[in-house]
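Q: Kindly generate the corresponding structure for this input.
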Amino acid sequence: MNLTEPPSNERVDPLVFPAQETVRSATGRVSDSLRRLWQALRFEWQHRGIPQRGRGAVRTQRVGTTRGGSRIAPTRVRRNGIAYCAGLSDDLSFELELVQRFDLAVYVFDPTPGSQERVGRVGALAGFYYVPVGLWGTSGSTTLYPTVDATRYPRARESGVSRRGSRVDVRTIPAMMKQLGHEGRPIDVLKLDIEGAEYDVIDNMIASGVRPSQIVVSFHHRYEAAGLSRTRDAVRMLRGQDYHVAAVDGAVMTFVSAAAPDQALPSERVVGARTAAERALGSGTARRQRSGDG
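A: You can find the predicted model right below:
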């Protein structure tokens, strides 16, 4: 029997039945949203004890806008390093500031329809590179199903997504590093906002021996295919690899490797260079004065 049709043995008002179905559908969506919100709140409550600045933690700053930015540890970013940012939103302030403030070569990965248009608004910018491939736990291709408003592409088919998906190319981080000629180079910042695929990407990354200096992860445990247990496992795994939790902002967490060396902040680099020049000029002046006195 078609579930959208009333039972044949019941008398149904043809004007009332569609309204009843609409109410049932809306009630189901509200219930689903409340369940996901409850999961997110449970996660935040269970992780309230995670230290923002515990032993081994470092200071963080928000890079980008309040809406589109994330927190990183500026002192752990190498000048002229590289960043991999997977998953784009309409706000690219985080990626652009990594280029302009930290002199990073930023590679953005997003195979979803519309991402190329968003990147096109940036125009030509040295150090900003768009790759229409998704970061994934395996290399090959997969199908992504958009939400009804086409703002998100969950890793797995969820309630409320379109039946028509898009076939896209995906790569693991090691495979992409090889393709881009980055083998043997450290990734300074890895950002993952990939709608539930972050768990497999982290698993593959750790198994492959890739250790970015910093990892910014937007965990999607609100999705049915993920759940809180996968997020807890991922956090536990990263901590086991000597990553410290440097910042927690809802379901977005910043991890900093204990092996990442301290670097001078961009402003400190300028001050440091100026101070060194002044010292050199001062010592030269002093030598000239001593020579004149002699």
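Q: pLDDT weak spots in the stretch 1-150 of the chain?
A: 1-26, 28-29, 32-33, 35-57, 147-150 (pLDDT under 70).
Q: Show me where it has its strands.
A: 61-63, 70-72, 82-86, 105-109, 128-131, 134-135, 140-144 (DSSP state E, counting those that start in this stretch).
Q: In TSV: these, plus mean neighbour count and distance to Glu183.
A: For the C-beta atoms, the positions are set from N, CA and C on the backbone; glycine is no exception. Converted to TSV, the strands of the stretch 1-150 of the chain look like this (neighbours: other CB atoms under 10 Å; distance: least, CB to CB, whole Å):
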stretch	mean neighbour count	distance to Glu183
strand 61-63	17	27
strand 70-72	25	24
strand 82-86	24	12
strand 105-109	23	14
strand 128-131	18	16
strand 134-135	28	16
strand 140-144	15	20
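Q: Please tabulate those in a markdown table and include distance to Ile215 as additional columns.
A: Shown next, in a markdown table, are the strands of the stretch 1-150 of the chain (distance: least, CB to CB, whole Å):
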| stretch | distance to Ile215 |
| --- | --- |
| strand 61-63 | 14 |
| strand 70-72 | 10 |
| strand 82-86 | 10 |
| strand 105-109 | 15 |
| strand 128-131 | 19 |
| strand 134-135 | 12 |
| strand 140-144 | 22 |
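Q: Correct me if wrong: Gly196 contacts Ser218.
A: No. Gly196 is beyond contact range of Ser218, at 10.0 Å (criterion: CB atoms under 8 Å).
Q: So if I had to pick from these two, which one is more boxed in?
A: The neighbour count for Gly196 versus Ser218, taken as other CB atoms under 10 Å, is higher for Gly196 (22 against 18).
Q: Now do that one against Trp136, distance only.
A: 11 Å (CB to CB, to the nearest Å).
Q: Of the strands of the stretch 1-150 of the chain, which is nearest Pro174?
A: strand 134-135 (10.6 Å; CB to CB).
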